[in-house]
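Participant: return a 3D structure for these sequence lines:
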Amino acid sequence: MKKFLLLGALLGMVFSGCGRTHIPVFVQRSAEETKEASCSVRDHGSAATLPSGSIDLGRVEAPRDEVDEHNTYGLLNRKVCELGGNAITGVRWEVELGMPKPRALSGNAWKLP
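Facilitator: So this is what the prediction gives:
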C-alpha cells in the first residue's frame, strides 16, 4: 500500500512539472531601443587622456532629474550619442549662485577614432 502511495505521489510530481512552458526566442526591439542599446559612452577624466585624432563635438548639458541622479547621467549619455559621440570629459554639475541644488549636469562630448 505504501508503495502505491509513494508511486502515485512521485508520478503526480513528475506530471505536474511537465506543463507547457513558453520561452520567447526572439524579442523584437524598436529602432530607438536598438540605437540606445548600441551606443556606449566612456567617461574620461580629462581631454588629456583621449587618444589622438579625437574630435570635439562641443559642450552638452542635461537638466537635473529631481528624483534620481542616475537618470541625469543617462540623459547626458543619450545626448552625447545623439551627437554621434562615444566619450565625454569634464563632467560637472552646473550650480547657480543662491540655488541649493545644481540645475544641470554638463560635459564635453567627443568622437573617438
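Participant: pull the residues that contact stretch 42-52.
Facilitator: Counting by CB atoms under 8 Å, 6 or more residues apart in numbering, stretch 42-52 makes contact with Ser54, Asp56, Asn86, Ala87, Ile88, Thr89, Gly90, Val91, Asn108, Trp110, Leu112, Pro113, all of which sit outside it. Yep, even glycine has a C-beta here, placed from its N, CA and C like the rest.
Participant: please pick the buried ones from these.
Facilitator: Neighbour counting with 16 or more other CB atoms under 10 Å marks Ser54, Asn86, Ala87, Ile88, Thr89, Asn108, Trp110 as buried within these.
Participant: okay, the closest residue to the last one other than its chain neighbours: pLDDT?
Facilitator: Nearest-residue entry for Trp110: Ala87, 4.2 Å, with adjacent residues in sequence omitted and distances by CB to CB, 6 or more residues apart in numbering. Reading off the per-residue confidence, Ala87 sits at a pLDDT of 93.
Participant: Ala87 against Lys111, yeah?
Facilitator: Yes. Assessed by CB atoms under 8 Å, Ala87 is found in contact with Lys111 at 7.5 Å.
Participant: same list (the contacts of stretch 42-52) but as CSV, adding distance to Val80.
Facilitator: As requested, those are exported to CSV (distance: CB to CB, whole Å):
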residue, distance to Val80
Ser54, 13
Asp56, 12
Asn86, 7
Ala87, 8
Ile88, 5
Thr89, 11
Gly90, 12
Val91, 10
Asn108, 9
Trp110, 8
Leu112, 11
Pro113, 16
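Participant: residue contacts, the residue nearest the centre of the chain?
Facilitator: The geometric centre of the chain, computed from its C-alpha atoms, lies nearest to Gly74 (CA atoms, centre = their mean), at 6.7 Å. For Gly74, the contact set (CB under 8 Å, 6+ apart) is empty.
Participant: tell me how far it lies from Val67.
Facilitator: Distance, Gly74 to Val67, using CB to CB, to the nearest Å: 12 Å.
Participant: before we move on, back to that, helix/strand/coil for the residue nearest to the centre of the chain?
Facilitator: helix (DSSP: H, G, I helix; E, B strand; the rest coil).
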